[in-house]
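A.B. asks: I would like to see how this sequence folds:
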Amino acid sequence: SNLSMIGVLRTRTGLANLDLPVEAQWEFAARAGDYVHDLYNGYNLTNGEFGDDYIDKIAWHPGNSATNGFTQSSHPVGGKLPNAYGLYDMLGNVWEATRDWYQEVLDGTVDPNVGPLQDTSKPWRVFRGGSIAEGVNWCRSASRGPKIPDQKNNTSDKYDYGFRVALTVTP
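C.D. replies: Residues are numbered from 1 along each chain as shown. Reported below is the predicted structural model:
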């Protein structure tokens with residue numbers, strides 16, 4: 001729909017192939033070739049290698065994002081070190097929306113290039129990468145969770161939701 005943010009971007013740029021990345025594309029971009037470590041700077045959060053300096057260099061999280069009297073604040077992209085592909089803020093700062101509909105367990109029936117079909121009883125999109133509102137253990141390449149991007153409620157203004165766009169090109 002042209003009323004969506006992606007629709008507006010497509011119209012203004014003339015790029016019809018602009019969209020949210022599918023979950024597999026997001027993870028490929030976040031890991032930047034490192035499929036062994038939780039963090040794209042070569043460290044793991046899960047086996048005792050964690051130290052604030054390891055994650056502080058690459059991600060905004062609850063422990064380092066306070067500004068202007070707020071305990072957690074999102075930050076402009078580029079304030080931390082990029083991954084090996086030159087992409088900033090793949091971990092932490094804001095949860096990033098993907099095109100995929102959330103499914104708890106991805107089984108062999110799901111094509112990773114397309115993602116799960118929408119289950120209308122569960123209108124959640126997959127969001128990736130952690131945020132300034134979650135603990136540092138969520139700021140890793142494998143983090144994923146269900147979120148309803150356009151849900152309006154009184155408990156949150158979605159200050160830790162965001163998105164990154166992907167452009168499909170034909171060689």
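A.B. asks: can you map out the helices along the chain?
C.D. replies: For the chain, applying DSSP state H gives helices covering 5-13, 23-31, 52-56.
A.B. asks: Give me whichever of the ones you listed is most buried.
C.D. replies: helix 23-31 (a mean of 21; mean count of other C-beta atoms under 10 Å). Heads up, the C-betas are built off the backbone N, CA and C, glycines and all.
A.B. asks: Off-centre distance for it?
C.D. replies: Relative to its chain's centre, helix 23-31 lies at 9 Å (C-alpha atoms, centre = their mean, to the nearest Å).
A.B. asks: and if you look at stretch 83-95?
C.D. replies: On C-alpha atoms, centre = their mean, the centre of stretch 83-95 falls 8 Å from that of its chain.
A.B. asks: how long is that stretch end to end?
C.D. replies: When the termini of stretch 83-95 are compared using C-alpha to C-alpha, to the nearest Å, they are 17 Å apart.
A.B. asks: can you give me the mean pLDDT across that stretch?
C.D. replies: Stretch 83-95 comes out with an average pLDDT of 94.
A.B. asks: So which bits of it are buried?
C.D. replies: 83, 88-95 (16 or more other C-beta atoms under 10 Å).
A.B. asks: okay, now L167: neighbour count?
C.D. replies: 11 (other C-beta atoms under 10 Å).
A.B. asks: For the buried residues of stretch 83-95, give me CSV that also has distance to A66.
C.D. replies: Output for these, formatted as CSV (distance: C-beta to C-beta, whole Å):
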residue, distance to A66
N83, 24
Y88, 20
D89, 17
M90, 22
L91, 18
G92, 14
N93, 13
V94, 16
W95, 19
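A.B. asks: residues contacting the closest residue to T71 other than its chain neighbours?
C.D. replies: Take T71 and drop its neighbours on the chain: the residue closest to it by C-beta to C-beta, 6 or more residues apart in numbering is P62, 7.4 Å away. Residues near P62 by C-beta atoms under 8 Å, 6 or more residues apart in numbering: 71-72, 132-136.
A.B. asks: same check, this time on V36
C.D. replies: With C-beta under 8 Å, 6+ apart, V36 has no contacts at all.
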